[in-house]
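Enquirer: need a 3D model of the sequence below.
(one chain, ligands or ions: 1)
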Amino acid sequence: MVDDTEGPGTLRGLSACAGHGPARLYLRPLGLSDGIWGPDARPLAGGPLRFDRAELILRGPDGAVRAAAQLADIENWCRSNGHADAHEACLSAICAPRAVPGRDPGADDPPPVIMGIINVTPDSFSDGGDFFEARRAIDHGLGMLEQGADILDVGGESTRPGADPVSPDEEIGRVLPVIEALTAAGATVSIDTRHASVMRAALAAGAGIINDVTALTGDPDSLAAAAESDAPVVLMHMRGEPRTMQTAPDYDDAPLDVCDHLAGRIEACVAAGIARDRITVDPGIGFGKTVEHNTEILRKLAVFHGLGCPLLIGVSRKSFIGALSRGERAKDRLGGSLAAGLAALSQGAQILRVHDVAETRQAMAVWRAVTSHRLENDAIRP
Ligand code: 7PJ
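Expert: Numbers count the residues shown, from 1 in each chain. Purely as a prediction, here's the structure:
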């Protein structure tokens, strides 16, 4: 067995230790760039990022074995070792174009989608009552639209670690006026909830996307509520539930365990009548994960493209940023939020969920200008 704490090995090394019992196959695209051309280059999610190398991971009952190699060599190895079908299924899922919520399907140079966060939860500094909360949330949302948000994510229940749940009726009372006003202003709104009754009320009020941190497991009626609509659904991974999720979270392999969980939730959704092309996945940074789990998931994020769905990432102001730096408070974590967000985009994440829309737009514009090779390569490409 290759010790996978030592990083990827070679395909030859893999042959020596693979093949003991059934294994699940993953491919993690390496070296993603829009400047890669040539016969072996494959597009990520239809492009413009491409890759010609990957890490092949086989995980069986005894653990995982890994090798980094050129795509053609990986394909040949899989054919000779009984993994041809799994390899073809995973590579096709990674490469297939996909509809991304909040993005114009006709765009040929699609920028990543920015989802602006609107929390309609009581603020300890405010005693102005519900209308004041709603007015403030609406103004905040209109401001984010102006700054370039593509989606506004409205939530009425705090899911921060240790938070107490609120009743669905109270949640509906908080979010409905905000959703109505923002959709009337032309915004694409997602509803951040784990309650079926809130999903139904929000969709009826104009919300166009369901965002559920429990991946439709938080309420026995959620799968039905999503299935009876035709809205895109964001399935986020969470280990445990908000009140207890940060108590000693444990994984065999955080990225792969989260990937397997999301694959299971995609199948449950499809079985419940939610079409696969309506689903977006999210590894749930900060939800039942240590700092090491969060950073490993972000480092290896490209493995999630094998699920065949758009990838949404929420890192904005999360506590791992303070933990990696100087313990800054949430409002002082913009720099780390931008760094983690851009790292996710460079691995092909399609949607970023952020508090600071203007700053994210600016960072993204500069990042695209200095990392994109498209114009240059159009001139020299074979
Ligand atoms: C996320 C979310 C996230 C998705 C929250 C916070 C906590 N929904 N809702 N992904 N986080 N899809 O913003 O710190 O990461 S609430």
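Enquirer: please enumerate the helices of the stretch 51-200 of the chain.
Expert: Taking DSSP state H, counting those that start in this stretch to define them, one finds helices in the stretch 51-200 of the chain at 71-80, 84-95, 129-147, 168-184, 196-204.
Enquirer: what about the closest residue to the ligand within the chain, how many residues nearby?
Expert: Across the chain, no residue is closer to the ligand than residue 314, which sits at 2.3 Å (C-beta to the nearest ligand atom). C-beta: built from backbone N, CA, C; applies to glycine. Counted with other C-beta atoms under 10 Å, residues neighbouring residue 314 total 29.
Enquirer: equivalent analysis for the one 4 residues further on, please.
Expert: In terms of burial, residue 318 registers 20 neighbours under the definition other C-beta under 10 Å.
Enquirer: which residue is the nearest non-sequential neighbour of it?
Expert: residue 286 (4.4 Å; C-beta to C-beta, 6 or more residues apart in numbering).
Enquirer: now the phi/psi pair for the one you found, please.
Expert: Dihedral angles of residue 286 (phi, psi; degrees, to the nearest 10) stand at phi 90, psi -10.
Enquirer: now do the same for it: its pLDDT.
Expert: In this prediction, residue 286 carries a pLDDT score of 95.
Enquirer: and the gap between it and residue 66?
Expert: Going from residue 286 to residue 66 by C-beta to C-beta, to the nearest Å gives 26 Å.
Enquirer: do the same with residue 43
Expert: 23 Å.
Enquirer: correct me, but residue 242 touches residue 166?
Expert: No - assessed by C-beta atoms under 8 Å, residue 242 is found out of contact with residue 166, at 11.5 Å.
Enquirer: which positions in the chain make contact with the ligand?
Expert: For the chain, the contact set with the ligand under C-beta under 6 Å from any ligand atom comprises 117, 159-160, 192, 211, 213, 234, 236, 282, 284-285, 312, 314, 318, 353.
Enquirer: separate out the buried members of these.
Expert: The neighbour count (16 or more other C-beta atoms under 10 Å) marks 117, 159, 192, 211, 213, 234, 236, 282, 284-285, 312, 314, 318, 353 as buried among the residues of the chain next to the ligand.
Enquirer: quickly find the element holding residue 349.
Expert: Using DSSP states H and E, residue 349 is not contained in any helix or strand.
Enquirer: send the alpha carbons of stretch 244-254 over as CSV?
Expert: Provided in CSV are the C-alpha atoms of stretch 244-254 (Å, rounded to 0.1, in the frame of the first residue of the first chain):
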residue,chain,number,x,y,z
THR,A,244,-22.6,20.3,17.8
MET,A,245,-20.8,20.1,14.5
GLN,A,246,-17.4,21.5,15.7
THR,A,247,-17.1,18.9,18.5
ALA,A,248,-14.1,16.8,17.3
PRO,A,249,-15.0,16.3,13.6
ASP,A,250,-13.2,13.3,12.2
TYR,A,251,-12.7,12.0,8.6
ASP,A,252,-10.7,9.1,7.0
ASP,A,253,-9.9,11.5,4.2
ALA,A,254,-11.8,14.8,4.4
